[in-house]
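**Student:** Task: produce atomic coordinates for the following.
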Amino acid sequence: MESRVRDIHKILRRVEVNDTRILGIYGTGGIGKTNLAKEIYNSFTDQFENCCFLANVRETSKSEVGLIKLQETLLCEILGDWSLKVRNKDEGMGLIKKMLWSKRVLLVLDDLDKSVKVETLLGGCDWFGLGSVIIITTRDEHLLTSSNVHLRYKVKELDRDEALRLFCLYAFKKENPNHDFAEITENVLHYVGGLPLALKVIGSELCGRDIHYWRSALEKYKRIPHKDILEMLKISYDGLDECGKNIFLDIAYFFTGKKEEYVTKVLDSCGFFPNYGIKVLVDKSLITIACGRLIMHDLLKDMGREIVRQESPEEPEKRSRLWFHKYVRHVFEETKGTNKIQGILIELPKQDWINLNPETFLAMKRLRIFINRNACFSREPNYLSNELRVLDWHSYPGYSFPQNLNGEKLVVLKMDEGLFKELGDGLKNFQNLKTLRLSECKFLTKIPDMSGLHTLEDLNIMSCNNLVEVHQSIGFLDKLSNLSIDHCHSLTRFPRSLKLRSLKLLRLSRCERLEKFPEIDSGMKRLTIVSLENMAAIKELPSSFGNLTSLGSLEIFPEVSKKFEFNTSSLRKLSWVNLSGCHKMVLNPIRFEENLEDQVADCRLTFSGNKIPDWDYHCKLEIPNSYCNKYVTCFTKDSDDLLLYYHKLDHVERFKSVGGILQLKFQIRGRVLIRSFGIRVVRKQKEINTLQDVASWSPCVNIQPSSEARIIELYPESRDENPNVDLELGLRLVEEHEENARVLHEDHVGAHFGKRRRDEDDDCNLKFNLYPQQKRQHSSITGIRIIELENDDENPKEDLDLELKLGL
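**Tutor:** Alright, predicted model coming up:
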């Protein structure tokens, strides 16, 4: 509590003391908003002559009489005149504005639920004197927005130690659990989380009980939440409209942890207006969104399930949603399907059979969502509802869909380990389908005509070992944004061309018999990621590959049989390349664009093995001056591949002259192993001196997380000249037969390295051997040749971390 009080005082100090400060404290029910407001109130009372704490405003103000009573209490407590009476709401508003406008007050409005009540008690928040402090607690963040409350504090759950301490104070009357109860206490904390109300209620309930009672009670709470907790949490749910309640219940049953975008598509197809409704749930702290996924506290999820259970406590088939495995079995095996059921989630304690009566589905005319995680059905259904939006059926028992299914409202179709031999012509009638996933359908041989799937966005086909053909129509699906085909070992026929204007990700992996990569239409401007892993039969890539002007990542490339030069000058956003599986690719990334920092944080090139096959196969990057204060370049080893990184820097200063030395200070997040470092400092249109002018080699460096102010020094030709320079990086690694060479051919620019093992306190001892031919004119290739150093015999796996500092 003390840390939260300090945090709020910091927030209040953002506003001048002589101004009116209005703070909103918000969070889910039972999180501790009222107790926190009391602590803040008590910490300020000695600074104010006029103080008022209006508790439980939501409950008291349900009627107009109650709202008038609150106005009256506010006036009486501030003015000290308990004879004052308010006859109606409008009179109360007038009296507050007239009699309190010059008063410096400390006021708390606890548990507000509607902005109209803020107006009735505070007006435009300008009815009080300067220097006033007003605190509002609410479950609804949007109330603060609509009331122009800009200072806000979200009350978060207690951390693990705080939760343990609070629970133990109620369950054991001390700060730590009894030894025999330590394990089950952890189970309780895992269930309850850091919600103070639940910790207090359950702790009080379990206090003085034996361990058998604890275990039984915990199992019961998971099925039927504690009444006092349920009532407190349900207040926010009761304030939702009908669509909001349906959205909450669907998330509680089916979509916790799912991507917001995915859930929005499903709920929108149900007519629930999710773009509005999901935001309301967030504002009321009923859900949160983290990393694009919907998160719901376990207690709120259990509350949703209890709300549905109470629809029909004794007859589960009359409930709107089913999830508990015993109830699911009861419905399917006893032919208890009804028109009440809208959604079913099947997740058995372990994979098991359900003896399906095929007629069961016939009664479920309103079924919208069917998700089967691990049940094996004895028979296939003879009917599926045409209201279905989600059909996610693991081990579907039939060879085809029921004849009645028109699929017009279906949005998501996922079939893992199904028995399908073919999908049939009916698939093209699924006009609203957005996601189609087929995984491990071992009898499936062909993906049929999908020209009717105008809304399809995500097509994922995995491990269908007998799949031979993917229909040409897939290459013309205008809304398709993700196309992934993986582990389809028999696939030989694929669309000859791709004209997928919405495609963002293309992944073809481990389809070893597919020999040709399709032509790329010039309209595919959105494709940013391409991965071609273990596509051994592909002999060449089409020249139209260069049409992918928005490409940012070439994650995996196949080992093409023909030499293939891939000039990336048109790929202005390319930043991540992995050529570890391709020895014949010639990659020429010409330059980073000025808008790169808005696209990616890090850039990477991965080369096969530790070499580029010959001198013509090189990587050159011209880095603009503006990048001196944004990126650092390094080489490192990842398994047997060499990686070239461009790391975006945090807390960076530009190159500047300090005593004639150019310095770059930076702080990098995360651990980065620097294998070698090569920056060449050049001046435009001026002869470049060679490695003869290298000043020194630096020690090995490991950059640990948040390491401070590491300095790279680059010595200019003249310490009196302006240090503004261009940066270029060039890389040329030796061929395989040269890997362990100790002496280079005299016709190459290079350096001869020697070394000794690095111990705990020792740095690498590096020296170089230079040749007279090393002086060069300004060229497109930096004169740096890096040799992969041998490891000592006694340390064959040791990595060498090198840093190269070059000067003019």
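
**Student:** contacts and neighbour counts: CA atoms only from here.
**Tutor:** Noted.

**Student:** Just the strands from the stretch 201-350 of the chain, written as ranges.
**Tutor:** Using DSSP state E, counting those that start in this stretch, the strands of the stretch 201-350 of the chain run over residues 288-290, 293-295, 321-322, 343-346.

**Student:** and Ile354, which of these is closest to it?
**Tutor:** Comparing those against Ile354 with C-alpha to C-alpha, the closest turns out to be strand 343-346 (10.5 Å).

**Student:** For that closest one, name the packing helices and strands.
**Tutor:** strand 321-322, helix 325-333, strand 369-372 (3 or more C-alpha pairs under 8 Å, 6 or more residues apart in numbering; DSSP states H and E).

**Student:** Can you say which of those is packed in most?
**Tutor:** Neighbour counts (mean count of other C-alpha atoms under 10 Å) averaged over each of the helices and strands packed on strand 343-346 peak at strand 321-322, with a mean of 24.

**Student:** Adjacent strands (with direction) for that strand?
**Tutor:** Sheet partners assigned to strand 321-322 using DSSP bridges are listed as strand 343-346 (parallel).

**Student:** The strand it pairs with: what's the following helix or strand?
**Tutor:** strand 352-354 (DSSP states H and E).

**Student:** quick revisit: worst mean pLDDT among the helices and strands packed on strand 343-346?
**Tutor:** Least confident of the helices and strands packed on strand 343-346, judged by mean pLDDT, is helix 325-333 with a mean of 91.

**Student:** hmm, who's touching that one?
**Tutor:** Defining contact as C-alpha atoms under 8 Å, 6 or more residues apart in numbering, one finds that helix 325-333 is touched by 316-317, 322, 336-337, 344, 346-349, 354-357, 360.

**Student:** which residue packs closest to Thr528, ignoring adjacent ones?
**Tutor:** Leu551 (3.9 Å; C-alpha to C-alpha, 6 or more residues apart in numbering).

**Student:** which of the contacts of helix 325-333 lies closest to Leu74?
**Tutor:** Out of the contacts of helix 325-333, the member with the shortest distance to Leu74 (by C-alpha to C-alpha) is Leu322, at 48.6 Å.

**Student:** how is this structure carved up into domains?
**Tutor:** Here the domain assignment for the chain is 2-154, 160-223, 239-308, 496-580, 601-808, based on automatic domain parsing.

**Student:** Report the rounded mean pLDDT for the last one.
**Tutor:** The predicted model gives domain 601-808 an average pLDDT of 34.

**Student:** rewinding a little: what about the residue nearest to Thr528, neighbour count?
**Tutor:** Residues within reach of Leu551, counting by other C-alpha atoms under 10 Å, total 25.

**Student:** What separation is there between it and Leu574?
**Tutor:** Counting by C-alpha to C-alpha, to the nearest Å, the gap from Leu551 to Leu574 is 6 Å.

**Student:** what does Pro349 give?
**Tutor:** Counting by C-alpha to C-alpha - Pro349 and Leu574 are separated by 47 Å.

**Student:** hang on, Phe361 packs against Arg379?
**Tutor:** No - under the criterion of C-alpha atoms under 8 Å, Phe361 makes no contact with Arg379, lying 11.9 Å away.

**Student:** So these two - more neighbours on which side?
**Tutor:** Phe361 (22 against 14).

**Student:** Report pLDDT for the more buried one.
**Tutor:** Reading off the model, Phe361 has pLDDT 93.

**Student:** Let me know the secondary structure of it.
**Tutor:** helix (DSSP: H, G, I helix; E, B strand; the rest coil).

**Student:** So what's the residue count around Asn187?
**Tutor:** If we define neighbours as other C-alpha under 10 Å, then Asn187 has 14 of them.

**Student:** would you say it is within a helix?
**Tutor:** Yes - Asn187 forms part of a helix when assessed by three-state DSSP.

**Student:** re earlier: what subset of the contacts of helix 325-333 is buried?
**Tutor:** Buried subset of these (neighbour count, 16 or more other C-alpha atoms under 10 Å): 316-317, 322, 336-337, 344, 346-348, 354, 356-357, 360.

**Student:** Closest to Thr120 out of those residues?
**Tutor:** Leu322 (43.9 Å).

**Student:** any idea what sits nearest that closest one, other than its immediate chain neighbours?
**Tutor:** Using C-alpha to C-alpha, 6+ apart and skipping residues adjacent in sequence, the residue nearest Leu322 is Ile344, 4.9 Å away.

**Student:** Can you name the residues that contact that neighbour?
**Tutor:** So Ile344 contacts 321-323, 328, 369-372 (C-alpha under 8 Å, 6+ apart).

**Student:** returning to what we had before: now the residue nearest to Thr528: how far from Leu541?
**Tutor:** 15 Å.

**Student:** Now do the helices in the stretch 451-600 of the chain.
**Tutor:** Here the stretch 451-600 of the chain has no helices by DSSP state H, counting those that start in this stretch.

**Student:** quick one, strands of it?
**Tutor:** Going by DSSP E, counting those that start in this stretch, the stretch 451-600 of the chain shows strands at 458-462, 469-470, 482-486, 497-498, 505-509, 519-520, 529-533, 553-556, 564-567, 576-579, 585-588.

**Student:** same for the fourth one, what does it pack against?
**Tutor:** This means strand 497-498. Using 3+ C-alpha pairs under 8 Å, 6+ apart: strand 497-498 touches strand 519-520.

**Student:** Give me the contacts around the strand it packs on.
**Tutor:** For strand 519-520, the external contacting residues (C-alpha under 8 Å, 6+ apart) are 496-499, 542, 544-545, 547-548.

**Student:** Can you say which of the residues you listed are buried?
**Tutor:** Neighbour-count burial (16+ other C-alpha under 10 Å) applied to the contacts of strand 519-520 gives 497-499, 547-548.

**Student:** ok, back up a step: mind putting the helices and strands packed on strand 343-346 in CSV, distance to Glu261 included?
**Tutor:** Shown next, in CSV, are the helices and strands packed on strand 343-346 (distance: least, C-alpha to C-alpha, whole Å):
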stretch, distance to Glu261
strand 321-322, 22
helix 325-333, 28
strand 369-372, 17
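
**Student:** Sketch out the low-pLDDT regions of the stretch 51-200 of the chain for me.
**Tutor:** For the stretch 51-200 of the chain, residues meeting the criterion pLDDT under 70 lie at 124-125.

**Student:** Against Gln431, how distant is Asp210?
**Tutor:** 59 Å.

**Student:** Who has more neighbours out of the two?
**Tutor:** Per other C-alpha under 10 Å, whichever of Asp210 and Gln431 has more neighbours is Gln431, with 20 against 10.

**Student:** That one and Val412 touch, don't they?
**Tutor:** No - Gln431 is not in contact with Val412 according to C-alpha under 8 Å; the separation is 11.4 Å.

**Student:** so the residue nearest to Thr528 makes contact with Ser531?
**Tutor:** No - with contact defined as C-alpha under 8 Å, Leu551 does not count as touching Ser531 (11.2 Å).
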